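A.B. asks: give me a model of this one.
(4 chains)
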Protein chains: 2
Amino acid sequence: MVQLRNTKQRKILLEILQSTDTHPGADWLYQKMRQEMPQVSLGTIYRNLNILREQGLIRELNGCGSQSRFDGILTPHGHFYCLGCGEVHDIPNTRPTPLEEDVKANLDDYLLSEVEVSAYGYCPRCKEHACLEITKKGEK
Amino acid sequence: MVQLRNTKQRKILLEILQSTDTHPGADWLYQKMRQEMPQVSLGTIYRNLNILREQGLIRELNGCGSQSRFDGILTPHGHFYCLGCGEVHDIPNTRPTPLEEDVKANLDDYLLSEVEVSAYGYCPRCKEHACLEITKKGEK
DNA sequence: GTACATGCAAATTATTTGCAACAGG
DNA sequence: CCTGTTGCAAATAATTTGCATGTAC
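C.D. replies: A predicted model of the protein is given here:
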């Protein structure tokens, strides 16, 4: 492996990710980064997202739409993907240990590194005015 | 909604998906389709995958890599994503009911439509010769 | 000073879409 | 027939990459 450097860009990116629970995508992070570093490039965002993921400092979420989303909060929790507005909400600590052991029991010869719980549906707001236009937008 | 037609292309695509547990991507399905229908186009594959998903006849998996994968087997089960070879294996029926209720308990005002369990790690074969070249290929 | 990182722009990959011709009901 | 569907090719969207320059250590 290479000797990673602690660049300003990487540091700020990680701080942003650790300070939000909105599970943003690369474009949102790009806009946010530019507030502090107007010259930053989208390529740098993507390169650092990959590095931080490989380091295990952030998590990538692929459950919703064509864009990847990222999570800088590593305490165990599941994710709810709203099919209406596309938002991703945390599911607080859904008894992680029993679940993982349950999965492990089914995967004898496997080397298990992580178990994820994803839920799909409509968030309280979208459940209310659950109209078809909205449904279209976030469909999986 | 529109009045869907039962085209030969759509019928074959669904049959292929229902007869495999390899969770193929669009390109694999395209090759397979061309064995029975050499003139079929990739656009048709994608259009029908979207229609079948909207009808609830197949499921889309986004956990692994940049390509979507599809599952034509709807009995409840989880998925294991090998970080080595990129294969997706089924996790036989991981006590679905307790889990879903557990998640539901955390999502009071939500309208829940589906809960998914995904596991990541290395399959028996990749665990053996867990070398770095292989690791590279399937990394998330 | 030596790599790793960056900014920029061009390239790649997966997926979607416009359109004229085709075909299911 | 009427309208959803197809094949084809061009368009889009997300992400990656090549390269000269910049910067962390």
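A.B. asks: roughly how far does the closest residue to residue A:36 other than its chain neighbours sit from residue A:60?
C.D. replies: Nearest non-adjacent residue to residue A:36, counting by C-beta to C-beta, 6 or more residues apart in numbering or on different chains: residue A:12, 5.8 Å away. No exception for glycine: its C-beta is placed from N, CA and C like everyone else's. Separation of residue A:12 from residue A:60 (C-beta to C-beta, to the nearest Å): 19 Å.
A.B. asks: these two: who's more crowded?
C.D. replies: Using other C-beta atoms under 10 Å in any protein chain shown as the criterion, residue A:12 and residue A:60 rank with residue A:12 on top: 18 against 15.
A.B. asks: who are the contact partners of that one?
C.D. replies: Shown in contact with residue A:12 (C-beta atoms under 8 Å, 6 or more residues apart in numbering or on different chains): A:33, A:36-37.
A.B. asks: lowest-confidence helix or strand of chain A?
C.D. replies: helix A:132-138 (a mean of 41; mean pLDDT, DSSP states H and E).
A.B. asks: how many other residues sit next to residue A:72?
C.D. replies: When neighbours are defined as other C-beta under 10 Å, residue A:72 has 19 of them.
A.B. asks: then residue A:38?
C.D. replies: 7.
A.B. asks: and it, what's its pLDDT?
C.D. replies: We have a pLDDT of 97 for residue A:38.
A.B. asks: just checking, it is part of a helix?
C.D. replies: No: using DSSP: H, G, I helix; E, B strand; the rest coil, the assignment for residue A:38 is coil, not a helix.
A.B. asks: ok, residue A:91 - contacts?
C.D. replies: A:77-80, A:117, A:119, B:103, B:106-107.
A.B. asks: of the contacts of residue A:12, which is the nearest to DNA strand D?
C.D. replies: residue A:37 (10.9 Å; C-beta to the nearest atom of the strand).
A.B. asks: so the closest one is in contact with residue A:9, correct?
C.D. replies: Yes: the criterion here is C-beta atoms under 8 Å, and residue A:37 meets it with residue A:9 at 6.7 Å.
A.B. asks: which neighbours do the two share?
C.D. replies: Joint contacts of residue A:37 and residue A:9 (C-beta under 8 Å, 6+ apart) do not exist.
A.B. asks: can you list the buried residues in stretch A:111-121?
C.D. replies: A:111, A:115-121 (16 or more other C-beta atoms under 10 Å in any protein chain shown).
A.B. asks: make JSON lines from the residues you listed and add distance to chain B to it.
C.D. replies: Below are these laid out as JSON lines (distance: C-beta to the nearest C-beta, whole Å):
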{"residue": "A:111", "distance to chain B": "4"}
{"residue": "A:115", "distance to chain B": "5"}
{"residue": "A:116", "distance to chain B": "5"}
{"residue": "A:117", "distance to chain B": "6"}
{"residue": "A:118", "distance to chain B": "5"}
{"residue": "A:119", "distance to chain B": "5"}
{"residue": "A:120", "distance to chain B": "5"}
{"residue": "A:121", "distance to chain B": "4"}
